[in-house]
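In: Curious how this folds, go ahead:
(2 chains)
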2 protein chains.
Amino acid sequence: MTVRFGLLGVGSIGLSLVNKLDPKSYELVCAVDTDPSKAGKTVRDLGGPPESDVEVVQALRREAATACDVFVQTTTSRFESAYQDLVKLASWGCDVVSTCEELSYPFLKYPELSSALHSVAQDSDSSVLGTGINPGFLMDALPSFLSTACSDVTAVNVTRRVDASRRREPLQRKVGLGLAPETFKQMAEDGRLGHVGLFESCALVADSLGWSLSRIDQNIEPLLAERDMRTNYFKIPKGCVRGLRQTAVAKSDAGEISMCLEMAVGTIDLDEVRIEGQPTIRYRAEGGVHGDAATVSRLIYGMDVAPVLAPGLLTVLDIPTSRSLRRQKGVRLEGNASRL
Amino acid sequence: MTVRFGLLGVGSIGLSLVNKLDPKSYELVCAVDTDPSKAGKTVRDLGGPPESDVEVVQALRREAATACDVFVQTTTSRFESAYQDLVKLASWGCDVVSTCEELSYPFLKYPELSSALHSVAQDSDSSVLGTGINPGFLMDALPSFLSTACSDVTAVNVTRRVDASRRREPLQRKVGLGLAPETFKQMAEDGRLGHVGLFESCALVADSLGWSLSRIDQNIEPLLAERDMRTNYFKIPKGCVRGLRQTAVAKSDAGEISMCLEMAVGTIDLDEVRIEGQPTIRYRAEGGVHGDAATVSRLIYGMDVAPVLAPGLLTVLDIPTSRSLRRQKGVRLEGNASRL
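Out: Modelled structure (predicted):
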């Protein structure tokens, strides 16, 4: 069974995905990107695999899309920007797996649009899933999963620290590398800087715990270089921005969810989840989890499970715990296994 | 909505469970234990909550069982010992959540019995789930879940180290505390010692990765005291057994799964999962995850999701990632959340 898929967004993540997929199992049949400089080029021309002679087009078309089982959207962080394409694809009966950060939990910020999209997807028997690694895994799905081994949870605390110098240019740009502190402040206020997703991660964790949130407070602050620094893409003069620290605190009657995301040059990679309950569980990944590779892996996972998902607008809490439900019934094993 | 439940096995885990559950949401209606010394006593007499005047009976009876939505079985590690009760409960339309270690993945060791139980449960619209913390979470469900963020997985490595002195008497007994090394060896060969579940954990992880295993090799070795030691329950003379180290290695064409479980007096608590893939993910819980409290929490989780499970013989890979699928649509939030 070959999965026929389309790309909406032929950027770095989309290309990594196509390069990783086995073309015998996954056939790229359609590629869309609004960037005029990409139009007419093949996916191979843009850095895809040698056999990818699919030509990039600038707009979604029904015929091409309906030839796909699933579409992978990697175009935007904002639900409102993704919305029209999502409605189109869902109404055409295409499943969608998307890295759109706000799509990971759009129900709180956009209740009406979420309902509308959910209805369209249900009516057309298609599923729409926002996934990725952050939001969508490290700061939400993982703590939610771990919390199933705890009772009486009173607090969830998640930390992610990312060495920005090891990441792609767009991430380095969005954390403000090299900016003067005042510029950073202004751009953060305008929403042109920073990570989108802490709000959604808090909402996902609250949902998984059955908590009704009364408020979510977020903060974003620059981290400043104490000496001249540089990355492959940016120069950071002493006193300018080497990255950021973003926090969110969500409150409910049952307890508190707090998230801290630091992405900066000079930061040591780390991921940590702490759940206060019975028992208290703390898991820590020294060296962190590399975001780009893991995002691609989660997209592939989303593509793999899409056929078995219920139709509608779904979250990472609604998808199976693992890829395979196959039973190895009757497999004969060697070794001393059965005896112990 | 009150969940009406029964206990099959009124031992330490069963009693911890009843003591933790809110009686407004969970009503104990039936308690069964084959131990004649418990017969006729109330669950309160045995250490349950003050309001528990349910009387312990020695055998499952259809009338009492059909009054339950779900039964919690904590009687045995062995699938064959649990089997008759599981068939009865399933055929009566009762969902079952069980700590039976071999039930966490019975398909390889007991293909015929598994098929038979699966059919009974499907025909009666009931679900049967083996869960707990080990097997059922730390060494299998968690690595399976983490692997959804990896591609090209070549190896999964799981370590659990438990300070046996902090655990209950039955665990201290099953790791051989205080035995002479020769006695340990004989008892291990007879299957009267050691942890049951590494085989099942390997099989669960393999299933989640879609790997067909060719063999599983297990080993069990005693750890010996270098000085006189003692716990609340056992004296351990120098040279005698302070615990054990159990390993399992499972092989497939795609890669290898290895598990190491150490449970001993003097061991420092630790849980660790390492998945070699793209990216490689390593999560570590210094201080470990306390088994008894987490087992009870996982049982409650199993009870909570039982009504939404498909009928049949299920595994922890078949249950939802998190407890709640509720959407907090239209909740009004304070704070500066929506802006960022």
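
In: Need the nearest residue in space to residue A:243, chain neighbours excluded.
Out: Closest residue to residue A:243 apart from its sequence neighbours, by CB to CB, 6 or more residues apart in numbering or on different chains: residue A:264 at 2.2 Å. In short, each C-beta sits where N, CA and C put it, glycine included.

In: Run through the residues that contact the one you found.
Out: With contacts defined as CB atoms under 8 Å, 6 or more residues apart in numbering or on different chains, residue A:264 is in contact with A:162, A:163, A:164, A:175, A:223, A:242, A:243, A:244, A:245.

In: Please apply the same query to residue A:144.
Out: Counting by CB under 8 Å, 6+ apart, residue A:144 makes contact with A:204, A:205, A:207, A:208, A:209, A:317, B:321, B:322.

In: what's the spacing between it and residue A:259?
Out: 13 Å (CB to CB, to the nearest Å).

In: Pairing partners for the residue nearest to residue A:243 in the sheet, please.
Out: For residue A:264, the beta-bridge assignment (DSSP bridges) gives partners residue A:163, residue A:243.

In: hmm, back to that, out of the contacts of residue A:264, who's nearest residue B:238?
Out: Lowest distance from residue B:238 to these (CB to CB) belongs to residue A:163, with 48.5 Å.

In: Helix, strand or coil: sort out the residue nearest in space to the middle of chain A for me.
Out: The centre of chain A sits closest to residue A:132, judged by CA atoms, centre = their mean, with a distance of 2.4 Å. Secondary structure state of residue A:132, per DSSP: H, G, I helix; E, B strand; the rest coil, is coil.

In: Same check on residue A:106?
Out: Secondary structure for residue A:106, judged by three-state DSSP, is coil.

In: residues near it, how many?
Out: Number of residues near residue A:106 (other CB atoms under 10 Å in any protein chain shown) recorded here: 28.

In: close enough to count as contact, it and residue A:130?
Out: Yes. Using CB atoms under 8 Å, residue A:106 is in contact with residue A:130, at 7.4 Å.

In: Just to check, residue A:167 is in contact with residue A:288?
Out: No. Proximity of residue A:167 to residue A:288 does not meet the contact threshold set by CB under 8 Å, at 10.8 Å.

In: And those two? Which one has more around it.
Out: Set side by side, residue A:167 and residue A:288 show more neighbours around residue A:288, with 23 against 20, by other CB under 10 Å.

In: What are the phi and psi values at the more buried one?
Out: Main-chain torsions, residue A:288, degrees, to the nearest 10: phi 70, psi -180.

In: Return the mean pLDDT over the helix ranked longest in chain A, rounded to an integer.
Out: Among the segments of chain A that qualify as a helix by DSSP state H, the longest is helix A:291-305. Averaged across helix A:291-305, pLDDT comes to 95.

In: That one - contacts with which helices or strands?
Out: helix A:12-20, strand A:70-73, strand A:95-98, strand B:151-163, strand B:270-278 (3 or more CB pairs under 8 Å, 6 or more residues apart in numbering or on different chains; DSSP states H and E).

In: For residue A:184, which of the ones you listed is the nearest?
Out: The closest of the helices and strands packed on helix A:291-305 to residue A:184 is helix A:12-20. By CB to CB, the value is 24.1 Å.

In: returning to that earlier point: next structured bit after the longest helix of chain A?
Out: If you walk from helix A:291-305 toward the C-terminus, the next helix or strand you reach (DSSP states H and E) is strand A:312-314.

In: ok, residues contacting that next one?
Out: In this structure, residues lying in contact with strand A:312-314 by CB under 8 Å, 6+ apart are A:106, A:114, A:117, A:118, A:121, A:122, A:127, A:128, A:129.

In: Kindly export the host helix or strand of residue A:216 (C-alpha atoms) in CSV.
Out: Assigned by DSSP H and E, residue A:216 falls within strand A:213-224. Presented in CSV, the C-alpha positions along strand A:213-224 are these (Å, rounded to 0.1, in the frame of the first residue of the first chain):
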residue,chain,number,x,y,z
LEU,A,213,-8.2,26.8,33.1
SER,A,214,-9.1,30.2,34.5
ARG,A,215,-6.1,32.1,33.0
ILE,A,216,-2.9,31.7,31.1
ASP,A,217,-0.1,34.3,31.6
GLN,A,218,2.8,34.5,29.2
ASN,A,219,6.0,36.4,29.3
ILE,A,220,8.9,36.8,26.8
GLU,A,221,12.3,38.3,27.7
PRO,A,222,15.5,38.7,25.8
LEU,A,223,18.8,37.0,26.9
LEU,A,224,21.7,39.3,26.2
